[in-house]
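Trainee: got a sequence here, can you build the structure:
(chains A and B)
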Protein chains: 2
Amino acid sequence: MKDYAAGGFTLPGEAGYEQLTLEMAKKWGADVIRDSDGTKLSPEITEAGYRIYSTICIIREHNEFARSHPDAQQQTFLFSEPQTALSETLVIHPLDGYFDEQFEINDSAEAMAYWQVWDRTENRILSDKEWEYADGRVTVNHCTLYHRYSVSFLAWRIWEEINMYNHTTNHWQSEHLRQLDPRHPEAWKYLQDWLRNWCEHNPDTNVVRLTSLFYNFVWIFGSDMRRRTRFVDWASYDFTVSPAALKAFEQEYGYALTAEDFINKGRLQATHRPPTARKRDYMDFTQRFVAEKARALVDIIHSFGKEAYVFYDDSWVGMEPNGPYFASVGFDGLIKCVFSGFECRLCAGAEVPVHELRFHPYLFPVGLGGLPTFSEGGHPEEDAEAYWLHVRRALARQCVDRIGLGGYLHLTIGQEAFNDTIEGMAKDFRKLKDLHSQGAPAELPVTVAVLHTWGALRSWTLSGHFHETDWNPLIHINEALAGLPVRVKFIHFEDVKNGALKDTDVLINAGKAGDAWSGGDAWKSPEVVSEVTRFVAEGGCLIGVGEPSATEGGDSRFALAYVLGVDQDDGSFACHAPWEFAEEKAPFYTAKECVGKTEGIRVTGPDTQVLLACGNTPLMTLRSFGKGKAVYLGGFAYAPEAARMLLEMLLFLTGTDGSTAGLTDQPLAECAWYPESGTLVVMNNSSEPLDVNVTMPSGMTQVHIDAGEMRFVCVKE
Amino acid sequence: MKDYAAGGFTLPGEAGYEQLTLEMAKKWGADVIRDSDGTKLSPEITEAGYRIYSTICIIREHNEFARSHPDAQQQTFLFSEPQTALSETLVIHPLDGYFDEQFEINDSAEAMAYWQVWDRTENRILSDKEWEYADGRVTVNHCTLYHRYSVSFLAWRIWEEINMYNHTTNHWQSEHLRQLDPRHPEAWKYLQDWLRNWCEHNPDTNVVRLTSLFYNFVWIFGSDMRRRTRFVDWASYDFTVSPAALKAFEQEYGYALTAEDFINKGRLQATHRPPTARKRDYMDFTQRFVAEKARALVDIIHSFGKEAYVFYDDSWVGMEPNGPYFASVGFDGLIKCVFSGFECRLCAGAEVPVHELRFHPYLFPVGLGGLPTFSEGGHPEEDAEAYWLHVRRALARQCVDRIGLGGYLHLTIGQEAFNDTIEGMAKDFRKLKDLHSQGAPAELPVTVAVLHTWGALRSWTLSGHFHETDWNPLIHINEALAGLPVRVKFIHFEDVKNGALKDTDVLINAGKAGDAWSGGDAWKSPEVVSEVTRFVAEGGCLIGVGEPSATEGGDSRFALAYVLGVDQDDGSFACHAPWEFAEEKAPFYTAKECVGKTEGIRVTGPDTQVLLACGNTPLMTLRSFGKGKAVYLGGFAYAPEAARMLLEMLLFLTGTDGSTAGLTDQPLAECAWYPESGTLVVMNNSSEPLDVNVTMPSGMTQVHIDAGEMRFVCVKE
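Mentor: Numbering: from 1, shown residues only, chains lettered A, B, ... in the order given. As a prediction, the model looks like this:
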């Protein structure tokens, strides 16, 4: 009998704690030991028979080169706070309000060519004759009185952002690390040489763990502590920009991008907003550049007989594991830190040999949001278990190859509860992995397509972790779907036009009006609207959440109002009385506390059934349209009960018998059925023991599960 | 000494209750007795020495003529509910969903020329060849599958709407009254003859009380009781339309209006939305027509030695007492029913010799919203007092000439409390009127301009009564202003361009994003934005409430964000961190419970003081800008405390000493000071007795006021 005691586990080793490292490696069944930021493993560890990961941040820790080649540093477009002209001459200090340890004005001739000065009141770009620049100041002469002016400019980024974060958060005192732009020819040559040299001098390393590639996600600091973080977006491309990139783009695409393509009236181009065609072009352009350069690095690593794994955070921009160029890089592994189930799916779905998850909490004194973990008042074992409840249900659907931890191992000393929790979790992970290796879990014949402007490129994620995007209903939907026994795909509006609904059973559109997830102006396309209408009329199912298909300029606020059976009054229907309705019992389990409210929702007619309401506002509705059905949800907050509601909704809408994948009789218990190995996995998502009946193809199985338990049951079919 | 026992009071007489009529006329000090809808006064009343009002609804009660001249009836544009084409041929019954006792399709040749069929999915109007009409059905051949189609058509209005309302609400069984369109030449001649004849046969009548003119406000009933009232707008012009009107318009303006100018993608042209230029033209055109025809009727009435008063509700559309043509009609009086203070100002400000208010509650068994008044469970005296608290503070600022009641007088039998209340109220009114006749109340040197797209045309009102528009913060602001000792004007955006801010001290913009009150696209004008910016920079004050100056397409959501010091995140700033702030004590009295919350509000910088917040959302802020100041309020709910807060805010912003108009030391007491007569009026807006100190130009005056009391105090200056 297998004991699942070891394998697939990456332990963060710690120099000075060699004995502990080897002890914990044994307890948790590690087969890999890795160094962490700023630590170097001793021979006692590297020679103990474990595989060794070594962490490299390729663009960082080259301060000497950066000092001698300041023009090889990375850049970004910034804009100055709009300033009102109270006299005819206005002097603007573009960098005012930005953190001057992060940014420095780039006033080189090639950069100045991209600067713009705007009259934002008029939305007019000033001609070069209307302003002048000298000594860090822009002077606008002959202003239009009382108009607002703003400067868009290029700035050097003189402090690598992750290093900057660690310094400012943890009060580090070491030298600020700079970052190099691989677009700079000399820097690129230098980086390759450096990597070769590194590989030569680190013969013990089996896996080079890149953290990560070249360009950080956008993270702009302000000078004022009352707004230290001005802007942060996990998936924006602003930090890839440079005159060199813009020129290369222009040469290839035949048109030039301008500062305004990035500045966007001061809003920047956030991932939460529908991308412009120009932004899509620029992203594709950058993705190809990143893939090409990454491939060169991977080739160097391979040439030393090492493997190359990459971390799916930090300087990951352009890498796009769900994009078209990722596989071409030739990475051997992808590592993702996870709090949530959707992040497991995000990683597991990438085209790469090895998928590894880094679990939370990190072995740090303080965790997320500043609360203690491995320090006085912390309960790291409770944190670990809470995240595990999210993660394991996703792993039960689609497994990864490895798990691991990060941080300072010595913090586990005396944390027996945590250490035991991780030991058990690692065993459960190995059992799941073993089950998957014998055959996939049973899946319902239901394909769900989540529709938004990004499609597959942003499969599962919005941008960043769950808690960074939890104001949007879609991340809750994604988290629920991550553990359901259905096929899930992420499609965009061009996909819809190109027939993506043909093999779709349920289409989901969730988000807020005008955002990238709801779709914004994409819903102005009659082709898209009529294709979704056809889909439902012919028997497809639609779930709309929040402000689905919301757009301006149509005869309804929701482009799909007449399919969904609900619309939203944005104020323009103030004189139109809403339909009265009576609440009807839902034909599926309803987790009332997980259904939210969107202001202004009204039913379009009496054939829309209201399944849940708050006063006069419908919260959940059901409508038949042609041969299909549509459900509207005012909001959706993830909880195990919400996932169960979504599952039952999918079963009801599609008329599917859930037992073919195994179906528990309780909202707080869910299961996965592995027919090849005859194993039923039943998960208790509650803190009470449960006696659960699971309906399966072969009949009913009774299972007792302890609070929080994941039980593996052998079932004869 | 004056006893204020009689005068300025209109009593609804009742046939069959002659004795009661005369008794109540004496108790309440009536000088006028009027008939009501459907009653006829007996000689015992008409010959008792009172002046007599007789009610006429000029366009109604001509069913015989209407039957013989069906094309003289009034019309409107309607649209069919959008219908999705599930096959290539779509049959639409345009009138489906409308109340067929109110509407009848107008398929005459001249009407059909105005019909339109729309592909609403594509926002495309179909050519005449693409559809055909026969027997009440529109057939669209060769539809684009899954597109939505809708028919815009003309319909006869075959049931006068007020009569329809009374029938359907009170289960009247009498014949449905029809209504004639004075644009129809024969109808017009008929109506004039009818009026002449009426005047001849009603020699006792002193005042012809027109209820009201020609065109009702828009009130569209549906066939389904779950949405009986489909659309209602107190100030829209849809019910004035006809082919004749459209042709006359085209001839005069040189361009043709179409169905879509009225249908507006099914939204119709509600008063709450910013008007198009075409709608403004059509309104002006209609106003001139209504004034011309009204003048002809008034001339007839005058020719019989009678006076003509007009009621400011029901078929009032086009009359516009605050419009440019009202005075030209030559009415002798204007009568407005009132619940609120703003309605008193609305009436009092019109250019007409006599202003009369009809108080609530009406002498009906059931009142507003179906609650009992003069029937079991009703407390009419409490209702009357509650409305009086709103009304009297407005009357203290600007008085009217007369008050009165409406309804069935016999319902007052046994209602001693109500009868005494009205008696006292009438006396207080007469005292106020007497004070005003001696000299105006002292006013602060503060001019407030309320800015919206309608300007003076919609002075004080939004559209309809307070309770019909109370979801909009502006009506609360207007109600508060109605009783404050400041000058108030209502201006529109063209006024701003034409210098209206020159004699303004405080500019108020209040409403919701995109509505007529906030201003919508009017804020896209750089001229308007920079003029308001100049105004504040040079020392003016700005108060923004709700979503002031909200518009799309700028660098901020609020066009005035950088003046106000707050902006709104509509989702496009999701990645931009808001400024942190600490709440600071307001430099004026704050009625916290009256300040509302608008989602997404953020301060634009650290120089905005947050005076009140709810979590991370500022509710009330203050900012200096140039030499001026700006206050933002997330919402504003009228209450006496809210009015006091607004007064103190105006005093603070303008640096004004409130005592020049008299200033109480308590939020629930307010006052008006009449210097000419040396009289201070102190009002207790609470249900507890108060001892109030009033600071006046001459010093402090102490006044005791009983719960709800309005006390008249003689003060030596």
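Trainee: the stretch 251-400 of chain A against chain B: which residues are in contact?
Mentor: Counting by CB under 8 Å from any CB of the partner chain, the residues of the stretch 251-400 of chain A close to chain B are A:Lys265, A:Gly266, A:Arg267, A:Leu268, A:Ala270, A:Thr271, A:His272, A:Arg273. C-beta: built from backbone N, CA, C; applies to glycine.
Trainee: the longest helix along chain A: which residues count as buried?
Mentor: Within chain A, and with DSSP state H defining each element, the longest helix by residue count is helix A:277-303. With burial defined by 16 or more other CB atoms under 10 Å in any protein chain shown, the residues of helix A:277-303 counted as buried are A:278-279, A:281-291, A:293-295, A:297-298, A:300-301.
Trainee: and for stretch A:20-28?
Mentor: Along stretch A:20-28, the positions that meet the burial threshold by neighbour count (16+ other CB under 10 Å) are A:Thr21, A:Leu22, A:Met24, A:Ala25, A:Lys27, A:Trp28.
Trainee: count of residues packed around A:Arg228?
Mentor: Residue neighbour count, defined by other CB atoms under 10 Å in any protein chain shown, stands at 14 for A:Arg228.
Trainee: three-state assignment of A:Thr621?
Mentor: Taking DSSP: H, G, I helix; E, B strand; the rest coil as the rule, one finds A:Thr621 in the strand state.
Trainee: which non-adjacent residue is nearest it?
Mentor: The shortest distance from A:Thr621 to any non-neighbouring residue, by CB to CB, 6 or more residues apart in numbering or on different chains, is to A:Tyr632 (4.5 Å).
Trainee: quick check: that neighbour vs A:Asn509, distance?
Mentor: Using CB to CB, to the nearest Å, one gets 10 Å for the distance from A:Tyr632 to A:Asn509.
Trainee: and for these two, which residues touch both?
Mentor: Overlap between the contact sets of A:Tyr632 and A:Asn509, as judged by CB atoms under 8 Å, 6 or more residues apart in numbering or on different chains, is given by A:Ile543, A:Gly544, A:Val545, A:Pro548.
Trainee: could you pull out the strands for the stretch 401-550 of chain A?
Mentor: Secondary structure of the stretch 401-550 of chain A by DSSP state E, counting those that start in this stretch: the strands cover A:402-404, A:447-451, A:487-491, A:506-511, A:541-546.
Trainee: may I see those strands organised as a markdown table, with mean neighbour count added?
Mentor: What follows is the strands of the stretch 401-550 of chain A, written out as a markdown table (neighbours: other CB atoms under 10 Å in any protein chain shown):
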| stretch | mean neighbour count |
| --- | --- |
| strand A:402-404 | 22 |
| strand A:447-451 | 23 |
| strand A:487-491 | 19 |
| strand A:506-511 | 26 |
| strand A:541-546 | 26 |
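Trainee: with mean pLDDT and distance to chain B as extra columns, can I get those strands in a markdown table?
Mentor: Supplementary listing: those in a markdown table, determined by pLDDT from 0 to 100; distance: least, CB to the nearest CB, whole Å:
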| stretch | mean pLDDT | distance to chain B |
| --- | --- | --- |
| strand A:402-404 | 98 | 30 |
| strand A:447-451 | 98 | 17 |
| strand A:487-491 | 98 | 19 |
| strand A:506-511 | 98 | 9 |
| strand A:541-546 | 98 | 11 |
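Trainee: out of these, flag the one nearest B:Gln192.
Mentor: Smallest distance to B:Gln192 across the strands of the stretch 401-550 of chain A (CB to CB): 57.2 Å, for strand A:541-546.
Trainee: which elements pack onto the closest one?
Mentor: Packed against strand A:541-546 by the contact rule (3 or more CB pairs under 8 Å, 6 or more residues apart in numbering or on different chains; DSSP states H and E) you find helix A:473-481, strand A:506-511, helix A:526-537, helix A:561-564, strand A:628-633, strand A:635-636, helix A:640-654.
Trainee: buried stuff in stretch A:462-477?
Mentor: A:462-466, A:468-469, A:472-477.
Trainee: for the stretch 251-400 of chain A, give me the ranges with low pLDDT.
Mentor: Regions of the stretch 251-400 of chain A meeting the criterion pLDDT under 70 cover residues A:368.
Trainee: strands along that one, start to end?
Mentor: Taking DSSP E, counting those that start in this stretch as the criterion, the stretch 251-400 of chain A carries its strands at A:307-311, A:333-338, A:354-359.
Trainee: elements contacting the first one?
Mentor: Spelled out, it's strand A:307-311. With 3+ CB pairs under 8 Å, 6+ apart as the test, strand A:307-311 has strand A:207-210, helix A:277-303, strand A:333-338 packed against it.
Trainee: at 6 Å instead, please
Mentor: For strand A:307-311, the helices and strands in contact under the criterion 3 or more CB pairs under 6 Å, 6 or more residues apart in numbering or on different chains; DSSP states H and E are strand A:207-210, strand A:333-338.
Trainee: return stretch A:67-80 as CSV; C-alpha atoms alone will do.
Mentor: As requested, C-alpha coordinates have been extracted for stretch A:67-80 and formatted as CSV (Å, rounded to 0.1, in the frame of the first residue of the first chain):
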residue,chain,number,x,y,z
ARG,A,67,25.0,52.8,-13.0
SER,A,68,27.3,52.7,-16.0
HIS,A,69,24.4,52.3,-18.4
PRO,A,70,21.6,54.4,-17.0
ASP,A,71,19.9,54.3,-20.4
ALA,A,72,19.5,50.5,-20.0
GLN,A,73,17.1,50.9,-17.2
GLN,A,74,13.4,50.3,-17.5
GLN,A,75,10.9,53.1,-18.0
THR,A,76,7.2,54.0,-18.0
PHE,A,77,4.8,56.7,-19.1
LEU,A,78,3.5,58.9,-16.3
PHE,A,79,1.3,61.9,-16.3
SER,A,80,1.2,64.9,-14.0
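Trainee: between the longest helix of chain A and strand A:307-311, what angle do the directions make?
Mentor: Relative orientation of helix A:277-303 with respect to strand A:307-311: 150 degrees, computed using axes from the mean of the first three to the mean of the last three CA atoms, to 10 degrees.
Trainee: any idea how far helix A:277-303 is from the chain center?
Mentor: Chain-centre distance of helix A:277-303: 19 Å, with CA atoms, centre = their mean, to the nearest Å.
Trainee: also stretch A:72-90?
Mentor: 31 Å.
Trainee: what comes into contact with it?
Mentor: For stretch A:72-90, the surrounding residues in contact (CB atoms under 6 Å, 6 or more residues apart in numbering or on different chains) are A:66, A:92, A:94, A:97, A:106, A:120, A:140-143, A:145, A:147-152, A:154-157, A:178-181, A:184, A:187, A:238-239, A:241-242, A:259, A:262-263, A:266, B:537, B:562.
Trainee: in a markdown table: the helices and strands packed on strand A:541-546, plus distance to B:Val681.
Mentor: Compiled in a markdown table, these are given as follows (distance: least, CB to CB, whole Å):
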| stretch | distance to B:Val681 |
| --- | --- |
| helix A:473-481 | 55 |
| strand A:506-511 | 56 |
| helix A:526-537 | 62 |
| helix A:561-564 | 54 |
| strand A:628-633 | 55 |
| strand A:635-636 | 51 |
| helix A:640-654 | 60 |
